[in-house]
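**Student:** Following is a predicted model, sequence given first.
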Amino acid sequence: MQRPLVLFDLDNTLVDRWGTLVDWAAEFAARHGLEDEEQAHILDMVAERTYPSTFDAIRTRYRLPVSTAELWRAYCTDIAASVSCAAEVLDDLDALRAAGWRVGVATNGAVDIQRAKLRATGIAERVDGVFVSEEADARKPQTRHFALAAARCGTVLSDGGWMVGDNPVNDIGGGRSAGLRTIWIGNGRSWPPDDPEPDHTVPHVRAAIDLLLLHSASHTRTTT
Ligand SMILES: [Mg+2]
């Protein structure tokens, strides 16, 4: 039997990106002698999207005497050093693969920082494949993003699969358009009323993995 595919979003799905950024912004502001208000603004800027161009804007705005390349390198190093994936989630990823799942990561963002986080957390060695949008300029919710992620895992979208993520548009809308079943990580929010609903809503990623394990167990029972 073909191994079923599940793709996970990275930020605020497998790792707590927001919490990591809040701590980073405080440290960054202290290091560069910036006020609280400036710290809040920098947090907004990096929370939105983080590429070298983001640091170009920060450097210009706050007249920092450092190059954009240095700021970007320091950011990647600092975030990789502080981001973590819960040990239980790492064990759950192992359990999924042991149960026969093909496990991948489908994430928007810059290659440097996303790959650094995947390595530092130990996620990289627990999945079959990873696709980062910048590698081929294919961002979620584009179907091409999911197709490339599936390819990294050695499969194709026409064989179906699942997408797990916290973003209603990028992960759930995009996953559905790509022909995948979807699990939304609510993180305490309620589903936006105007968007078509996901197949399942769960409070956190461990609950999503439980659901997938249950699904594969029942599937095995009915087909053997
Ligand atoms: Mg996310």
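**Tutor:** Alright, I've got the coordinates. Numbers count the residues shown, from 1 in each chain.
**Student:** switch to C-alpha atoms for all contacts and neighbour counts from now on
**Tutor:** Noted.
**Student:** Mind listing the residues bridging to the residue in the chain that the ion sits nearest to?
**Tutor:** Residue nearest to the ion within the chain: residue 11 (4.1 Å; CA to the ion). Residue 11 forms beta bridges with residue 15, as assigned by DSSP bridges.
**Student:** what ranges do the strands span in this protein?
**Tutor:** 5-8, 102-107, 129-132, 162-165, 181-185, 200-202 (DSSP state E).
**Student:** Rebuild these as JSON lines, extending it with mean neighbour count, mean pLDDT and distance to the ion.
**Tutor:** Converted to JSON lines, the strands of the chain look like this (neighbours: other CA atoms under 10 Å; pLDDT from 0 to 100; distance: least, CA to the ion, whole Å):
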{"stretch": "strand 5-8", "mean neighbour count": "25", "mean pLDDT": "98", "distance to the ion": "9"}
{"stretch": "strand 102-107", "mean neighbour count": "26", "mean pLDDT": "98", "distance to the ion": "8"}
{"stretch": "strand 129-132", "mean neighbour count": "24", "mean pLDDT": "98", "distance to the ion": "13"}
{"stretch": "strand 162-165", "mean neighbour count": "27", "mean pLDDT": "98", "distance to the ion": "6"}
{"stretch": "strand 181-185", "mean neighbour count": "25", "mean pLDDT": "98", "distance to the ion": "9"}
{"stretch": "strand 200-202", "mean neighbour count": "17", "mean pLDDT": "97", "distance to the ion": "14"}
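**Student:** Same list, those strands, but as TSV with distance to residue 118 please.
**Tutor:** Formatted as TSV, these follow (distance: least, CA to CA, whole Å):
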stretch	distance to residue 118
strand 5-8	12
strand 102-107	9
strand 129-132	9
strand 162-165	16
strand 181-185	19
strand 200-202	23
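**Student:** returning to what we had before: any idea how far the residue of the chain closest to the ion lies from residue 85?
**Tutor:** As judged by CA to CA, to the nearest Å, residue 11 and residue 85 stand 10 Å apart.
**Student:** With residue 48 instead?
**Tutor:** In terms of CA to CA, residue 48 sits 21 Å off from residue 85.
**Student:** Compare those two (neighbour count), which wins?
**Tutor:** With neighbours defined as other CA atoms under 10 Å, residue 48 and residue 85 compare such that residue 85 has more, 18 against 8.
**Student:** Was I right to think that one contacts residue 15?
**Tutor:** Yes. Using CA atoms under 8 Å, residue 85 makes contact with residue 15 at a distance of 5.2 Å.
**Student:** Can you check what pLDDT the model gives the residue of the chain closest to the ion?
**Tutor:** Per-residue pLDDT puts residue 11 at 96.
**Student:** what about it, neighbour count?
**Tutor:** When counting by other CA under 10 Å, one arrives at 18 neighbours for residue 11.
**Student:** Averaged pLDDT, the biggest helix by length in the chain. What do you get?
**Tutor:** Criterion DSSP state H: the longest helix present in the chain is helix 205-223. Rounded to a whole number, the mean pLDDT of helix 205-223 is 82.
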